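Trainee: quick one: sequence plus predicted model below, questions after.
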Amino acid sequence: MPKHALLPAALLALGAGTAQADSSLDELRAEIRQMRDHYETRLAELEARLKQAEARPAPAAEAAAAPSGNDINPEIGLVLQGSYARREGGEHHLTGYLTGGHDHGSSRGFNLDHTELTLAANIDTQFRGYANIAFVDDAAEVEEAWFQTLGLGKGFTLKAGRFLSGIGYANEQHPHAWDFADNSLMYRALFGEHLGQDGVQAKWLAPVETFLELGLEMGRGGNFPGSAAGGDRNGPGAWAAFAHAGGDVGANASWRAGLSYLHAKPVDRDSGMEDLNDVEAETLMSGHSRTWLADFVWKWAPDGNPRARSLKVQAEYFHRRERGDLTCADNTADGGLCSGLTDAYRSRQSGWYAQTVYQFMPRWRLGLRYDRLDTGSVDFGANNANLPVADYHPNKWSFMVDYAPSEFSLLRLQLARDHAMAGNPDNGQVTLQYVHSLGAHGAHRY
Amino acid sequence: MLMRNLFAVVLMGLLLTAQPSRAALNVLACEPEWAALVAEVAGDRAKVTSATTARQDPHHIEARPSLIARTRNADLVVCSGADLEVGWLPLLLRESGNPRVQAGQPGHFEATRHLRLLEKPARVDRSMGDVHAAGNPHVHLDPRNLLLVSEALARRLAELDPAGAADYAARRAAFASRMQTAIARWEKEAASLRGLPVVVQHRSWTYLADWLGLRVVADLEPKPGVEPSAAHLARLLETLKAQPARGILRAAYLSPRAGDWLAEKAGVPALTLPYSVGDSPASADLFGLFDSLVAQLKAGLQ
């Protein structure tokens, strides 16, 4: 309203100057007309804004955030997983590999796979916390429990606690995020399920348009290919480094490639195998384990919109060298050959898998995976007289079809020809699986 | 030594490719409508890109490496909020290592926080489909919302880049006056659409219908975000026989099959409308988007 009052006041003030010459009167008249026009437009604009505001009032206070369920409480999620599997009974060793990692491998028949409880929240403005507890019969295992920084800046992120190592591609995926009902042979051989680190991880994202991430981890090294006793030291029992690069190819496709290195220092690492008399033998390995991993993922969807159709191609390769001492514990009482002898041990082994998953219509996907390992060269030293040195290529074909009624539920059928164990081919594996998630379910990584 | 030299060369190469932009601000918009709005208000003071295109479903986007890299370099992210981007934005923010754009920081702008949302559910349960607790987040298809958001956006830009405050205010005022004139024109052109019954595929069209007075009589999705089922479509067909609609409204990023089937059986046209800026050359900016929306609605529904 004061602006209405201004106009007559201005006119009065101008009116005092009527003694001016005609030319300046004209100027004044023009000026007044201009002012009037200006005020009229301004008034019209204000009135229009008032009308707008009345038609759709803005929220009372901008700062009043829209309430969303769990702003203060942690995001809580539960993953239910189970399966029915039809396969050969008996042992399922990976021929030619010392294994012993953490593995929730399911047995045949009806299975309740592990039930994952996840809790996550921003702790404050600086940190985020996350825990993933897997419940299996008689036990609750802490799969992950870590905090990470939110505000370091310059592309740096620090994570500490127990976390899934950033090496490789599939390593950071929990079983519920796998595209197949079971793990690849490569990850089974390397880590059992995946490599968890108790330690710290630093990541740096380069300030460029292309995605380039470098990471360094130091951990206890208590998990395979390290060992519990190997973690009992003041320094790190395992360290890892990785580099990931990625980007888009047009609007339809994107990719990520990575190269990783893991060095573990196991002490008395326990692996079971059958000796040359086919008697169960326990081996203890101490020394160094060095693994290189290369991974590549390529995803495609028409217009980059994966709602109807999409394609994902993924492949990983590893090369592992181990050297140290190996003891074959005395099993002569069971008719075995080992007498507790310790001698030098060296191995060079490699393997890979490639898989592709095609979503051919909304909610339905088909997948095909081929796994192949090479037992490479293994030298048990004097224990060569007791333990088998295999020349075999463990391999497996898997085919799956899955149906996801929503992003929170999934049903899967998988058929596989499993030749992981020499002399015991399992040509007719059938797995029916469900994966359901309740509550908050964080976004999956790329 | 060789390795160290090689490393230095690679690092130098990377730093050289990181061309510093002359713009004062680097803005990442979650959707193209917000990228267009930032461009209107900030002009060349901001380098703005959109994380998604008009042909992608903003609910279902993957946290691709390229998006993580862009979030890392952003001074400001401009998104819809109200959980529309809940499936991917939090991951981008966490992976970015960029403290400027984290939720609650000045570099984090959510359009829906500056508006009153429609369809706010009284109760939320996953069995109800993909509902958003805060209300319907597809706010940009009511141009009056763009006016309100642009005001808040200009203030935010000025906060981040005080040297450009006058510039942002002037550009926002110019945008607002153009938009007000255009809104009046669109409302006049679309006056004949008022009260017409339509079927929608997903609630992306709620704000458009609310603005132009279209009457939404049915949704192809049995529940928000749930794909149309055969049973639901059969029921819809019965409903439409009793209570005919003038057209089916849908976005290009959704499967056309259900809409085509219903259109043929019920004898109503299915309109694939531009959902956001950049869907076609005609909708290259916000004005073009509403020009084509109004034109296509008039041509299709009457």
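Mentor: Received, thanks.
Trainee: what helix or strand is whatever residue of the stretch 101-250 of chain A ends up closest to chain B located in?
Mentor: As assessed by C-beta to the nearest C-beta, chain B sits closest to residue A:246 within the stretch 101-250 of chain A, at 2.7 Å. All C-beta spots, glycine's among them, are computed from the backbone N, C-alpha and C. Using DSSP states H and E, residue A:246 sits in strand A:238-249.
Trainee: contact partners for the closest residue to chain A within chain B?
Mentor: Nearest residue of chain B to chain A, counting by C-beta to the nearest C-beta: residue B:65, 2.7 Å away. Contacts for residue B:65 (C-beta atoms under 8 Å, 6 or more residues apart in numbering or on different chains) come out as A:211, A:244-247, A:254-256, A:446.
Trainee: nearest to residue A:181 among those?
Mentor: Compare each of these with residue A:181 using C-beta to C-beta and the shortest gap goes to residue A:446, at 21.7 Å.
Trainee: can you list the residue ranges for helices in chain B?
Mentor: Assigned by DSSP state H, chain B shows helices spanning B:2-17, B:32-42, B:65-72, B:89-96, B:143-160, B:165-189, B:206-212, B:230-242, B:257-266, B:286-301.
Trainee: would you format the ones you listed as CSV with distance to residue A:363 and mean pLDDT included?
Mentor: Listed next are the helices of chain B as CSV, based on distance: least, C-beta to C-beta, whole Å; pLDDT from 0 to 100:
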stretch, distance to residue A:363, mean pLDDT
helix B:2-17, 41, 53
helix B:32-42, 27, 97
helix B:65-72, 25, 97
helix B:89-96, 23, 94
helix B:143-160, 33, 97
helix B:165-189, 38, 97
helix B:206-212, 25, 96
helix B:230-242, 13, 92
helix B:257-266, 13, 92
helix B:286-301, 29, 96
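Trainee: looking at those, which is buried most?
Mentor: helix B:32-42 (a mean of 26; mean count of other C-beta atoms under 10 Å in any protein chain shown).
Trainee: so which strand or helix has residue A:197?
Mentor: Counting by DSSP H and E, residue A:197 is part of strand A:196-205.
Trainee: tilt between that strand and helix B:89-96?
Mentor: 80 degrees (axes from the mean of the first three to the mean of the last three C-alpha atoms, to 10 degrees).
Trainee: please name the residues that touch residue 159.
Mentor: You didn't pick a chain, so chain A it is. A:146-149, A:200-203.
Trainee: you looked at the wrong chain, it should be chain B
Mentor: Applying C-beta under 8 Å, 6+ apart, the residues near residue B:159 are residue B:106.
Trainee: hang on, the earlier thing: show me what counts as buried in the helix or strand following the strand holding residue A:197.
Mentor: Remark: after strand A:196-205, the chain's next helix or strand is strand A:211-219, criterion DSSP H and E. By neighbour count on 16 or more other C-beta atoms under 10 Å in any protein chain shown, the buried set for strand A:211-219 is A:211-213, A:215, A:217-219.
Trainee: closest one of those residues to residue B:276?
Mentor: Nearest member of those to residue B:276, counting by C-beta to C-beta, is residue A:211, at 24.9 Å.
Trainee: drop anything exposed from the contacts of residue B:65.
Mentor: A:211, A:244-247, A:254-256, A:446.
Trainee: so what's the residue lying closest to residue B:258 once chain neighbours are set aside up against?
Mentor: Spatial nearest neighbour of residue B:258, chain neighbours left out: residue B:228 (3.8 Å); criterion: C-beta to C-beta, 6 or more residues apart in numbering or on different chains. Applying C-beta under 8 Å, 6+ apart, we find residue B:228 in contact with B:201, B:220-222, B:258.
Trainee: make sure residue A:171 is indeed in a helix.
Mentor: Yes - assigned with DSSP: H, G, I helix; E, B strand; the rest coil, residue A:171 falls within a helix.
Trainee: what about it, how many residues close to it?
Mentor: For residue A:171, the count of nearby residues is 23 (other C-beta atoms under 10 Å in any protein chain shown).
Trainee: for it, which residues are in contact?
Mentor: Neighbours of residue A:171 in contact, by C-beta under 8 Å, 6+ apart: A:164-165, A:187, A:191, A:194-195.
Trainee: give me that answer again for 10 Å
Mentor: Going by C-beta atoms under 10 Å, 6 or more residues apart in numbering or on different chains, residue A:171 touches A:164-165, A:187, A:190-191, A:193-196, A:240, A:242, A:260, A:262, A:293, A:295, A:316.
Trainee: ok, so of the contacts of residue B:228, who is nearest residue A:321?
Mentor: residue B:221 (54.9 Å).
Trainee: wait, residue B:134 sits on residue B:113?
Mentor: Yes - Residue B:134 is in contact with residue B:113 according to C-beta atoms under 10 Å; the separation is 9.0 Å.
Trainee: give me the more crowded residue out of these two.
Mentor: Remark: of residue B:134 and residue B:113, residue B:134 carries more neighbours, 22 against 19, as counted by other C-beta under 10 Å.
Trainee: ok so, going back, what's the distance between the residue of the stretch 101-250 of chain A closest to chain B and residue A:294?
Mentor: 14 Å (C-beta to C-beta, to the nearest Å).
Trainee: likewise for residue A:445?
Mentor: Note on residue A:445: its distance to residue A:294, by C-beta to C-beta, is 18 Å.
Trainee: likewise residue A:37?
Mentor: 72 Å.
Trainee: wait, is residue A:141 part of a strand?
Mentor: Yes - applying three-state DSSP, one finds residue A:141 inside a strand.
Trainee: and chain B, what are its domains?
Mentor: Recorded structural domains for chain B (assignment: automatic domain parsing) are B:23-117+B:127-185, B:190-301.
Trainee: end-to-end on the last one?
Mentor: Pointing back at domain B:190-301 there. Start and end residues of domain B:190-301 are separated by 11 Å (C-alpha to C-alpha, to the nearest Å).
Trainee: distance from that domain to the middle of the chain?
Mentor: Here domain B:190-301 is found 16 Å from its chain centre; the criterion is C-alpha atoms, centre = their mean, to the nearest Å.
Trainee: and residue A:37 and residue A:294? which has more neighbours close in?
Mentor: residue A:294 (16 against 10).
Trainee: OK, contacts around that one?
Mentor: Applying C-beta under 10 Å, 6+ apart to residue A:294 gives the contacts A:168-169, A:257-260, A:315-319, A:352.
Trainee: now with 6 Å?
Mentor: Going by C-beta atoms under 6 Å, 6 or more residues apart in numbering or on different chains, residue A:294 touches A:259, A:317.
Trainee: residues of the helix or strand hosting residue A:416 that come out buried?
Mentor: Counting by DSSP H and E, the element that carries residue A:416 is strand A:409-419. Across strand A:409-419, burial judged by 16+ other C-beta under 10 Å covers A:410, A:412, A:414-416, A:418-419.
Trainee: closest to chain B out of these?
Mentor: residue A:410 (14.5 Å).
Trainee: so what's that closest one up against?
Mentor: A:402, A:404, A:435.
Trainee: quickly list what it is bridged to.
Mentor: residue A:435 (DSSP bridges).
Trainee: go on, the one 5 residues further on?
Mentor: The bridge-partner assignment for residue A:415, based on DSSP bridges, gives residue A:399, residue A:430.
Trainee: so what's residue A:328 up against?
Mentor: Neighbouring residues of residue A:328 by C-beta under 6 Å, 6+ apart: A:281, A:283, A:338, A:383, A:386.
Trainee: tally of neighbours for the second one?
Mentor: Residues contacting residue A:283 under the criterion other C-beta under 10 Å number 23.
Trainee: using CSV, write out every CA atom in the helix or strand harbouring it.
Mentor: Assigned by DSSP H and E, residue A:283 falls within strand A:280-300. Output in CSV follows, covering the C-alpha atoms of strand A:280-300 (Å, rounded to 0.1, in the frame of the first residue of the first chain):
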residue,chain,number,x,y,z
GLU,A,280,40.9,-86.6,4.5
ALA,A,281,44.0,-84.6,5.3
GLU,A,282,44.5,-81.3,7.0
THR,A,283,47.0,-78.9,5.6
LEU,A,284,48.5,-75.8,7.3
MET,A,285,50.0,-73.1,5.1
SER,A,286,52.2,-70.2,6.2
GLY,A,287,53.7,-67.6,3.8
HIS,A,288,52.5,-65.1,1.3
SER,A,289,49.5,-65.1,-1.0
ARG,A,290,49.4,-62.6,-3.8
THR,A,291,46.3,-62.2,-6.0
TRP,A,292,45.7,-60.0,-9.1
LEU,A,293,42.1,-59.5,-10.2
ALA,A,294,40.8,-57.8,-13.4
ASP,A,295,37.1,-57.1,-13.8
PHE,A,296,34.9,-55.6,-16.5
VAL,A,297,31.2,-54.8,-16.5
TRP,A,298,29.1,-53.5,-19.4
LYS,A,299,25.4,-52.6,-19.2
TRP,A,300,23.0,-51.6,-22.0
